[in-house]
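>>> sequence unavailable; structure follows:
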């Protein structure tokens, strides 16, 4: 399991819920910029934030986030 990266479908699920980055950030207690950097794989969220994001998007963490090479 070397060199694996964390990918996400955050933007897809956020748009499906008709939320802006700012609205999602407000739901989980972070800034719009944090949501943007997570969506663009610039920032890897903490485990707690990943679970909060998945819950806010009515999904589970394994659906929103995934590992890839």
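Yep, it's here. Small disclaimer: the values here were computed from a predicted structure and weren't measured.
>>> just checking, what packs against the helix or strand harbouring residue 53?
Per DSSP states H and E, residue 53 falls inside helix 47-56. Contacts defined by 3 or more CB pairs under 8 Å, 6 or more residues apart in numbering; DSSP states H and E place helix 47-56 against helix 21-28, helix 61-64. C-beta coordinates here come from the backbone N, C-alpha and C atoms, glycine included.
>>> list the buried residues of that helix.
49, 50, 51, 52, 53, 54, 56 (16 or more other CB atoms under 10 Å).
>>> what of stretch 32-52?
34, 35, 36, 37, 38, 39, 45, 49, 50, 51, 52.
>>> which stretches of the protein have low pLDDT?
Along the chain, the parts satisfying pLDDT under 70 run over 1.
>>> ok so, going back, which two of the buried residues of stretch 32-52 have the greatest separation?
The distance between the two most remote of the buried residues of stretch 32-52 (CB to CB) is 19.4 Å, for 36 and 51.
>>> from residue 5, how far off is residue 41?
Separation of residue 41 from residue 5 (CB to CB, to the nearest Å): 7 Å.
>>> before we move on, the earlier item: got TSV for the buried residues of stretch 32-52, with distance to residue 62 too?
Output for the buried residues of stretch 32-52, formatted as TSV (distance: CB to CB, whole Å):
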residue	distance to residue 62
34	21
35	20
36	23
37	21
38	16
39	18
45	14
49	15
50	10
51	11
52	15
